[in-house]
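**Student:** got a predicted structure here, sequence first:
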Amino acid sequence: MLNISKNKVYHSVLIKNYDTLNTVLAKKSSKVLRRMIIIFLLIILCLVFLPWTQNVRSNGVITTLKPDQKPQSINSIIGGQIEHWFVQEGDFVNKGDTILKLSEVKDAYFDSELLDRTKNQVDLKKESVKNYGDKIDVQDNQINLLSKEKTLKLSLLDNKIIQTELKVQNDSINYETAQVNNNIAKNQFNRTDSLYAQGLKSKVDLEEKRMKLQKTFGYEIEARNKWMNSKNQSLGLRIEKNNVIVKYQNDVNKMESDIISTMSQKLDVESNLNKLENTYSNYNFRNGLYYVTALKSGYITKITKSGIGEIVKEGQEILTLMPSDYDLAVEMYVRPIDLPIIHIGAEVRIQFDGWPAIVFSGWPNSSYGTFGGRVYAIDQFIGENGMYRILIEPSEEDKPWPEALRFGSGASNLVLLEDVPIWYELWRNINGFPPEYYTAGKQK
């Protein structure tokens with residue numbers, strides 16, 4: 001009965017005879033509902049004041065921090081034809097194990113004795129270099145002999161020059177003596193001639209004086225000729241000495257020119273020798289490249305070239321090797337708006353694909369099946385997807401990551417931030433505000 005009128009009729013009706021009306025008038029259900037709503041509101045009011053851990057969620061993949069622990073592509077350094085396989089996909093190989101053998105496809109290397117022939121050419125070039133060196137030594141010895149011969153020859157000429165100088169001095173003295181004798185004879189002849197004119201000397205005496213004058217004059221001429229000859233002889237010896245110096249210098253210059261020519265030829269041969277030795281080293285090194293070996297211990301994961309007789313080009317990838325020992329890490333991407341609040345060393349909770357977990361993002365301590373990590377590195381530039389990459393390493397303070405994890409598996413990550421009340425987190429998300437900044441984040 002609706003109680004919407006001021007005219008009351010319930011006193012005229014026997015209510016106790018109507019069970020439904022009695023139940024409605026009792027209003028028990030409304031009281032229960034009111035109590036439930038009040039209790040629910042009180043629970044919500046209490047919950048909004050509970051602590052909530054702010055976090056940044058992102059998916060990622062398992063990777064490794066060290067480049068040499070990532071999947072390794074094994075390439076062929078030389079071109080060749082696949083002759084024999086020693087492994088198959090899934091095999092484990094140790095470092096240095098042979099993977100396959102290649103055979104030669106270039107006609108420049110078909111000669112089976114190519115290495116021996118090249119080594120023989122190298123030996124011949126070495127012998128040629130040695131011969132040129134011996135020739136240079138012989139030419140140096142010839143120059144030394146010429147120098148000694150020149151010294152002896154000049155010493156002999158110097159002695160002759162000294163003897164000639166002494167002879168010039170002696171002939172000069174004789175010439176002066178002859179001049180004095182001639183002057184004396186001339187004076188005697190003049191006195192005798194004067195006395196003969198006075199009748200005091202006979203004509204015989206005059207003729208004797210005339211004859212003596214002629215003889216002393218002859219001696220003077222002879223002495224002068226000897227003196228001039230001695231001077232000419234001395235001058236001739238000096239000219240001969242200069243000629244000897246010029247001659248030996250020309251001989252030495254010619255020998256030095258021959259040495260330079262020989263040295264030039266030796267350098268050319270040494271240059272060719274270096275090229276041959278380089279070629280021999282390349283051939284020898286190439287022989288070791290016909291067998292492709294494993295650079296690290298690991299598992300053969302994917303073979304891109306198969307079959308026997310297939311041609312492999314230089315630098316072409318043959319297979320992929322996954323190292324057996326590697327340190328796990330997680331790679332994740334965050335939005336630029338979340339990047340300023342993340343710092344090196346920040347705590348991260350990780351849920352790995354294949355490992356069951358119950359995750360409460362706001363209460364990480366209540367989560368089950370997650371593993372701990374910490375931020376190891378943050379990229380300094382944005383990626384092609386418009387986000388920044390973050391690398392996460394295992395936390396030493398948490399339980400170890402599962403050993404069965406594999407490179408490339410997926411992971412769901414929670415970067416833990418500041419603890420705030422739930423009402424604040426709701427208010428922040430409604431208004432689109434970023435999470436609170438870490439104190440440690442401000443200090444980084």
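**Tutor:** Ah, there it is.
**Student:** then stretch 284-295 to CSV, C-alphas only?
**Tutor:** The C-alpha coordinates for stretch 284-295 follow below in CSV (Å, rounded to 0.1, in the frame of the first residue of the first chain):
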residue,chain,number,x,y,z
ASN,A,284,99.0,-19.9,-46.1
PHE,A,285,96.3,-18.1,-44.1
ARG,A,286,93.8,-18.9,-46.8
ASN,A,287,94.6,-22.6,-46.5
GLY,A,288,93.4,-22.4,-42.9
LEU,A,289,90.1,-20.8,-43.9
TYR,A,290,88.8,-23.8,-45.8
TYR,A,291,87.7,-25.2,-42.4
VAL,A,292,85.1,-23.0,-40.7
THR,A,293,85.4,-23.4,-36.9
ALA,A,294,83.3,-22.3,-33.9
LEU,A,295,84.5,-19.0,-32.3
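**Student:** in it, what's buried?
**Tutor:** 286, 292-294 (16 or more other Cβ atoms under 10 Å). For every residue, glycine as well, the C-beta is placed using N, CA and C.
**Student:** avg pLDDT for that stretch?
**Tutor:** Stretch 284-295 carries an average pLDDT of 87.
**Student:** so which residues make contact with it?
**Tutor:** Stretch 284-295 is contacted by residues 72, 74, 76-78, 80, 93-104, 109, 115, 318, 321 when judged by Cβ atoms under 8 Å, 6 or more residues apart in numbering.
**Student:** quick one, helices of the stretch 151-300 of the chain?
**Tutor:** 203-287 (DSSP state H, counting those that start in this stretch).
**Student:** now do the same contact list for the nearest residue to R238 once chain neighbours are set aside.
**Tutor:** Nearest residue to R238, sequence neighbours excluded (Cβ to Cβ, 6 or more residues apart in numbering): I161, at 6.4 Å. By Cβ under 8 Å, 6+ apart, the contact set of I161 is 234, 237-238, 241.
**Student:** quick check: domain ranges of this structure?
**Tutor:** 1-47, 51-68+326-443, 71-104+290-323, 114-287 (automatic domain parsing).
**Student:** pLDDT on the second one, on average?
**Tutor:** Predicted confidence along domain 51-68+326-443 averages 74 (mean pLDDT).
**Student:** can you check the pLDDT for L114?
**Tutor:** At L114, pLDDT is 86.
**Student:** thought it was touching T279?
**Tutor:** No. Using Cβ atoms under 8 Å, L114 makes no contact with T279, being 9.8 Å away.
**Student:** so which of these two has more stuff around it?
**Tutor:** Each of L114 and T279 has its neighbours counted (other Cβ atoms under 10 Å); L114 has more, 17 against 14.
**Student:** for the nearest residue to the more buried one once chain neighbours are set aside, which residues are in contact?
**Tutor:** Among residues not flanking L114 along the chain, Y283 sits closest, at 6.0 Å (Cβ to Cβ, 6+ apart). Each residue near Y283 by Cβ under 8 Å, 6+ apart is listed here: 109, 114-115, 118.
**Student:** ok, Y283 to V129 distance?
**Tutor:** 21 Å (Cβ to Cβ, to the nearest Å).
**Student:** what of S155?
**Tutor:** Distance, S155 to V129, by Cβ to Cβ: 40 Å.
**Student:** and the closest residue to N59 other than its chain neighbours, what element?
**Tutor:** Residue nearest to N59 in three dimensions, not counting chain neighbours: S412, with 5.6 Å by Cβ to Cβ, 6+ apart. Taking DSSP states H and E as the criterion, S412 maps to strand 410-421.
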